[in-house]
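Chemist: the following block contains a protein sequence and its predicted model.
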Amino acid sequence: MIEPKGRGGRPRSEQARDAVLHAVDDLLLEVGYAALTMKGIAERAGVGRQTVYRWWSTKAEILFEACVTDAEEELTIAPADTPTAEITNYLDALVAFLTRSPAGAAYRALLAAAQHDTAVHQLITSRDVLGASARTVLTRITPGVTGLDHATARLIGPTFFWIMTGRDPAQLDTRALAHDFLRDCAV
């Protein structure tokens, strides 16, 4: 869990926290990032605006916390029998995250906002949501792998580019991508 900046006051209620994190996902899908407001999040969560502001400074902070928490769960895959199967399973999870998950929608919205908002950029770069999950898979199939950051970028890049450029995810052959990755990166 990402810990928001300390603000003093009463400790936060996990029930209120969960309500805010679910509300931000729901509202993002309904109204989009630009129309998302702290007031709207508080109202949807059934908490006071001061409660929200006590824990988070911006809508981006709330969205990022919700995104990271969900991404850690959604991008965690079980070990597979072969490296190809494991990479394929990871890429399938990545496609699902980026195309069907509210957390993936949040991540994409934050990436877009980060292009012109330095505070959101700093938030996004504070924690590598996709890279962490990919590194876990890569170190599991090849303990002691060197050049992990480069390998991680090569693993995520093609799928990420495909999805972010609006191409049909059903046309993405994750098994072929896994095979090519393992051949080209010699992991």
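Modeler: Structure received.

Chemist: let me see the domain layout of this protein.
Modeler: Per automatic domain parsing, the structural domains of the chain span 14-56, 66-185.

Chemist: include mean pLDDT when you put the ones you listed into CSV, please.
Modeler: CSV is the format used below for the domains of the chain (pLDDT from 0 to 100):
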stretch, mean pLDDT
domain 14-56, 93
domain 66-185, 93
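
Chemist: and these as CSV, adding mean neighbour count?
Modeler: To be clear about C-beta, it is placed using only N, CA and C from the backbone, and glycine gets the same treatment. As requested, these are arranged in CSV below (neighbours: other Cβ atoms under 10 Å):
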stretch, mean neighbour count
domain 14-56, 17
domain 66-185, 16
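
Chemist: any idea how far the nearest residue to Ala96 once chain neighbours are set aside lies from Leu130?
Modeler: Distances taken as Cβ to Cβ, 6 or more residues apart in numbering put Glu74 closest to Ala96, at 7.1 Å, once the chain neighbours are dropped. As for Glu74, its distance to Leu130 is 11 Å (criterion: Cβ to Cβ, to the nearest Å).

Chemist: can you check Ala93 too?
Modeler: Ala93 is 11 Å from Leu130, where distance means Cβ to Cβ.

Chemist: quickly list what's touching both of those two.
Modeler: Leu75 (Cβ atoms under 8 Å, 6 or more residues apart in numbering).

Chemist: for Arg140, what are its contacts?
Modeler: Pro79, Glu86.

Chemist: so Gly40 touches Gly32, yeah?
Modeler: No - using Cβ atoms under 8 Å, Gly40 is not in contact with Gly32, being 11.5 Å away.

Chemist: which element follows the helix or strand hosting Asn89 toward the C-terminus?
Modeler: Using DSSP states H and E, Asn89 falls within helix 83-100. Once the chain leaves helix 83-100, the next helix or strand it forms, by DSSP H and E, is helix 102-114.

Chemist: and that following helix, how far from the chain's centre?
Modeler: Relative to its chain's centre, helix 102-114 lies at 8 Å (Cα atoms, centre = their mean, to the nearest Å).

Chemist: now the angle from the helix or strand that comes right after it to helix 102-114?
Modeler: Downstream of helix 102-114, the next assigned helix or strand under DSSP H and E is helix 118-125. With axes from the mean of the first three to the mean of the last three Cα atoms, to 10 degrees defining the directions, helix 118-125 sits at 140 degrees from helix 102-114.
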